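Asker: Dropping a prediction and its sequence here:
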Amino acid sequence: VTFTLYPEVKKLKERMIRFGGEGVLMSGSGPTIYTLVRHESRALRVYNSLRGFCKEVYMVRLTGKREIGVA
């Protein structure tokens, strides 16, 4: 439904996949579109492909318990 009403969302998903996104999902009914990747180099490629294409682009990294000081 979203892709029909908002073709730019479909274009965004296709772009993320083309540049290395390993599965692209949307949070609920939007507006956040995200992808997960295994390697930082691929994340950078996706991130850079979206800069200038989207108003806001963020690249984040998951952390483990040890990295944040949890026993």
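Answerer: Sure, I can see it. Residues are numbered from 1 along each chain as shown.
Asker: Look up which helix or strand residue 47 falls in, please.
Answerer: Per DSSP states H and E, residue 47 falls inside helix 40-50.
Asker: which residues are contacting that helix?
Answerer: 12, 15-16, 18-22, 35, 37, 57, 59, 61 (CB atoms under 8 Å, 6 or more residues apart in numbering). From N, CA and C alone the C-beta is placed, and that goes for glycine too.
Asker: Can you point out the buried residues in it?
Answerer: Neighbour counts over helix 40-50 (16 or more other CB atoms under 10 Å) mark 43, 45-47, 49-50 as buried.
Asker: Go through the contacts of helix 40-50 and name the one nearest residue 5.
Answerer: residue 12 (13.8 Å; CB to CB).
Asker: so whichever strand or helix holds the closest one versus helix 40-50, what angle?
Answerer: For residue 12, the element it lies in under DSSP H and E is helix 7-18. For helix 7-18 against helix 40-50, the angle by axes from the mean of the first three to the mean of the last three CA atoms, to 10 degrees is 150 degrees.
Asker: Just the buried residues of helix 7-18, please?
Answerer: By neighbour count with 16+ other CB under 10 Å, helix 7-18 contains the buried residues 9, 12-13, 15-16.
Asker: Using PDB, list the CA coordinates for that helix.
Answerer: Extracted as PDB, the C-alpha positions of helix 7-18 are listed here (Å, rounded to 0.1, in the frame of the first residue of the first chain):
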ATOM      1  CA  PRO A   7       6.500   5.800  -5.000                       C
ATOM      2  CA  GLU A   8       9.500   7.700  -3.600                       C
ATOM      3  CA  VAL A   9       9.600   5.200  -0.700                       C
ATOM      4  CA  LYS A  10       9.800   2.300  -3.200                       C
ATOM      5  CA  LYS A  11      12.700   4.200  -4.900                       C
ATOM      6  CA  LEU A  12      14.500   4.600  -1.500                       C
ATOM      7  CA  LYS A  13      14.200   0.900  -0.800                       C
ATOM      8  CA  GLU A  14      15.500  -0.100  -4.200                       C
ATOM      9  CA  ARG A  15      18.400   2.300  -3.800                       C
ATOM     10  CA  MET A  16      19.300   0.900  -0.400                       C
ATOM     11  CA  ILE A  17      19.300  -2.600  -1.800                       C
ATOM     12  CA  ARG A  18      21.300  -1.600  -4.900                       C
END
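Asker: Appreciated, that's everything.
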